[in-house]
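[1] Pasting the sequence and the predicted model now:
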Amino acid sequence: MKTTLLLIAFLLLAAAAFPQDAPSQPGKTERIEADTSKGFSYPYFLYIPPALREENAQKGIQTLLVVPNNTGKPIDGLEEHEKNVSSKMVQIAFVFGRLNVPVLVPVFPRPAKEWKIYTHALDRDSLTTDLEEYKRLDLQLAAMIRDARSKLKSEKLNIGDKVLMYGFSASAMFANRFAFLHPNLVKAAAVGSPGGWPIAPVEKYKDKELRYPLGIGDVKALTGKGVDMEKLAKVSFLFFLGGDDDNDSLVFRDGYEQEDEDLALPLLGKKPVDRWPVSKELYEQAKMNAEFKLYPGEGHRPSRQMVEDVMAFLEKNKY
């Protein structure tokens, strides 16, 4: 999936869409080292905007924003993935700092030798692999969230139990799927162009099982725990897609397996835009709190209107 510059594009558009004077004091970005004793084997970056240093910010409850990392291509070795995240933190701080929320960005690997394990999308292989370094990164992110909450508490900030999430393309797939696996941790998620198909909140469609990540048909078998539909219904979702966006992970073997493609294309639609109304219908039938937006004429890149809608969505849900 061609996603290397998508987050940068989003951030630059967001900066243009929401002009604001530079903060009088700089925010704080910290690299947190991996800590296996706390449940995470990879580092993460944590940004604290300057407004949260003010005394009145310490009186209320703040909300953490999580942006899953997405390098855009498989690369062996963690150094390049960390360099990619590090280079984006300035833009992330500049844009999302305007929401006055702390931001967590993990540094997860995406291996080239084991290229079918699409870790940055939290794909099926990342749940089933026997390679411990790539397995269940959702649990590691949950551990990072707990750790970040503790560190922010030491900064005299009271962080709520649930986080906001934002992702586009592969990182959107991760955010969408993480919310399903951990609805107790997610307050709201903005999910842009999630690989051609948002995970469906159903086990079956037209008598066909939708196994993970098409749906939740075998989540319990994969993780030992089924999806808590009552808690999932409390998560706010914003799904958005360009009308000309043809970026489709269903037809690539790092995104889905052949049997998933063979099932999905005739059942759900041949193109991402064809599947969009089907996905919307499934979320409505499952009584999810989800809004679906389609932007005619837009391709696989965040547009200015998408950015404005995402920022408004996150602003609305941060309290």
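    Ah, there it is.

[2] Can you name the residues bridging to residue 47?
    Counting by DSSP bridges, residue 47 is bridged to residue 29, residue 103.

[3] Tell me, how many residues neighbour it?
    Neighbourhood size, residue 47 [other C-beta atoms under 10 Å]: 23. C-beta here means a position set from N, CA and C on the backbone, and glycine is covered the same way.

[4] I'd like the numbering to begin with 35 instead of 1 from here.
    Happy to do that; since the first residue is 35 now, the last one works out to residue 81.

[5] I'd say it and residue 127 touch.
    Yes - the pair residue 81 / residue 127 is scored as a contact, 4.7 Å apart, by C-beta atoms under 8 Å.

[6] Residues in contact with both of these two, list them for me.
    Taking C-beta atoms under 8 Å, 6 or more residues apart in numbering as the contact rule, residue 81 and residue 127 both touch 61, 63, 137.

[7] Just give me the least confident of those.
    Lowest pLDDT among these: residue 61, with 78.

[8] Tell me if I'm right that that one and residue 80 touch.
    No - if you go by C-beta under 8 Å, residue 61 and residue 80 don't touch, sitting 10.5 Å apart.

[9] how about the helices of this protein, start to end?
    40-51, 113-130, 159-162, 171-188, 204-215, 253-257, 263-266, 292-302, 306-319, 338-351 (DSSP state H).

[10] So which of those helices is nearest residue 98?
    Among those, the nearest to residue 98 by C-beta to C-beta is helix 171-188 (6.2 Å).

[11] what is the orientation angle of that closest one with helix 204-215?
    Using axes from the mean of the first three to the mean of the last three C-alpha atoms, to 10 degrees, the inter-axis angle of helix 171-188 relative to helix 204-215 is 90 degrees.

[12] Which strands or helices does helix 171-188 pack on?
    Where contact means 3 or more C-beta pairs under 8 Å, 6 or more residues apart in numbering; DSSP states H and E, helix 171-188 is packed against strand 62-66, strand 78-82, strand 137-140, strand 192-193, helix 204-215.

[13] what's it in contact with?
    64, 66, 69, 72-76, 78, 80, 82, 96, 98, 100, 102, 136, 138, 140, 142, 153, 156, 160, 193, 197, 211-212, 215-216, 219.

[14] ok, and for that helix, which residues are buried?
    Within helix 171-188, the residues scored as buried using 16 or more other C-beta atoms under 10 Å are 171-172, 174-179, 181-183, 185-186.

[15] per-residue confidence averaged over it?
    97.

[16] Centre of the chain to that helix, how far?
    What separates the centre of helix 171-188 from the centre of its chain is 15 Å, taken as C-alpha atoms, centre = their mean, to the nearest Å.

[17] Just the CA trace of it, in CSV.
    Extracted in CSV, the C-alpha atoms of helix 171-188 (Å, rounded to 0.1, in the frame of the first residue of the first chain):
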residue,chain,number,x,y,z
LEU,A,171,1.0,-5.9,19.1
ASP,A,172,-2.4,-4.8,20.2
LEU,A,173,-1.6,-6.0,23.7
GLN,A,174,1.7,-4.1,23.6
LEU,A,175,-0.1,-0.9,22.6
ALA,A,176,-2.5,-1.5,25.5
ALA,A,177,0.5,-1.7,27.8
MET,A,178,2.0,1.4,26.3
ILE,A,179,-1.3,3.3,27.0
ARG,A,180,-1.2,2.2,30.6
ASP,A,181,2.5,3.3,30.9
ALA,A,182,1.8,6.6,29.2
ARG,A,183,-1.1,7.2,31.6
SER,A,184,1.2,6.6,34.5
LYS,A,185,3.9,8.9,33.1
LEU,A,186,1.4,11.7,32.5
LYS,A,187,0.1,11.3,36.1
SER,A,188,3.7,12.1,37.2
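
[18] can you give me the angle that helix makes with strand 62-66?
    Going by the same axes, to 10 degrees, helix 171-188 makes 130 degrees with strand 62-66.

[19] Reformat the helices of the chain as a markdown table; add distance to residue 86.
    Converted to a markdown table, those look like this (distance: least, C-beta to C-beta, whole Å):
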| stretch | distance to residue 86 |
| --- | --- |
| helix 40-51 | 19 |
| helix 113-130 | 12 |
| helix 159-162 | 33 |
| helix 171-188 | 8 |
| helix 204-215 | 23 |
| helix 253-257 | 34 |
| helix 263-266 | 27 |
| helix 292-302 | 42 |
| helix 306-319 | 33 |
| helix 338-351 | 15 |
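
[20] most tightly surrounded among the ones you listed?
    helix 204-215 (a mean of 27; mean count of other C-beta atoms under 10 Å).

[21] helices or strands up against it?
    Taking 3+ C-beta pairs under 8 Å, 6+ apart as the contact cut, helix 204-215 packs with helix 171-188, strand 197-202, strand 220-226, helix 253-257.

[22] Need the phi and psi values for the closest residue to residue 67 other than its chain neighbours.
    Excluding the flanking residues, the one nearest residue 67 by C-beta to C-beta, 6 or more residues apart in numbering is residue 77, at 5.5 Å. Dihedral angles of residue 77 (phi, psi; degrees, to the nearest 10) stand at phi -80, psi 170.
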